[in-house]
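**Student:** The sequence isn't on hand, but the structure is:
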């Protein structure tokens, strides 16, 4: 019984709230911001990434009003409806990409 009590201690709701707040405000690793590509450059690089098997790194704007950027690496795919996906090189998980949020595309050295 004592082992059960020690291993399953009750944690106050305030503890969970504080953990979520600290996780939210914890700084993310900084990402080098590459210049924002214009629409023509993005289209050309997307076509090249879709037509080759080269791995890419893509930077996505998180919103229109902030400079927060997400960086993903892997292979780019497109389904029959035209939606873009990136397959992570390490985990092989597919992530959906909105073309409007693309900031920069670069090809990785292989």
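**Tutor:** Sure thing, it's come through. Remember, predicted model here, so these are calculated numbers, not experimental data.
**Student:** Contacts for stretch 85-98, please.
**Tutor:** 55-56, 58, 60, 72-79, 83-84 (C-beta atoms under 8 Å, 6 or more residues apart in numbering). All C-beta spots, glycine's among them, are computed from the backbone N, C-alpha and C.
**Student:** rerun that using 7 Å as the cut-off
**Tutor:** With C-beta atoms under 7 Å, 6 or more residues apart in numbering as the test, stretch 85-98 has contacts from 55, 58, 60, 72-77, 79, 83-84.
**Student:** Mind listing what's buried along that stretch?
**Tutor:** Of the residues in stretch 85-98, 86-87, 97 count as buried by neighbour count, 16 or more other C-beta atoms under 10 Å.
**Student:** circling back to that earlier point, quick one: which of the contacts of stretch 85-98 is nearest residue 21?
**Tutor:** Closest approach to residue 21 among these (C-beta to C-beta): residue 60, at 25.4 Å.
**Student:** Please enumerate the strands of the protein.
**Tutor:** With strands called from DSSP state E, the chain shows them at 56-61, 69-78, 84-88, 94-97, 102-107.
**Student:** which of those strands sits most buried?
**Tutor:** strand 56-61 (a mean of 20; mean count of other C-beta atoms under 10 Å).
**Student:** Which elements pack onto that strand?
**Tutor:** If you count contacts as 3 or more C-beta pairs under 7 Å, 6 or more residues apart in numbering; DSSP states H and E, strand 56-61 packs onto strand 69-78, strand 102-107.
**Student:** With distance to residue 44 and mean pLDDT added, can I get those strands in JSON lines?
**Tutor:** Shown next, in JSON lines, are the helices and strands packed on strand 56-61 (distance: least, C-beta to C-beta, whole Å; pLDDT from 0 to 100):
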{"stretch": "strand 69-78", "distance to residue 44": "13", "mean pLDDT": "91"}
{"stretch": "strand 102-107", "distance to residue 44": "9", "mean pLDDT": "94"}
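**Student:** Between the ones you listed, which one is closest to residue 43.
**Tutor:** The nearest among those, by C-beta to C-beta, is strand 102-107 at 9.9 Å.
**Student:** nearest to residue 48, of the strands of the chain?
**Tutor:** Closest among the strands of the chain, using C-beta to C-beta: strand 102-107, at 7.7 Å.
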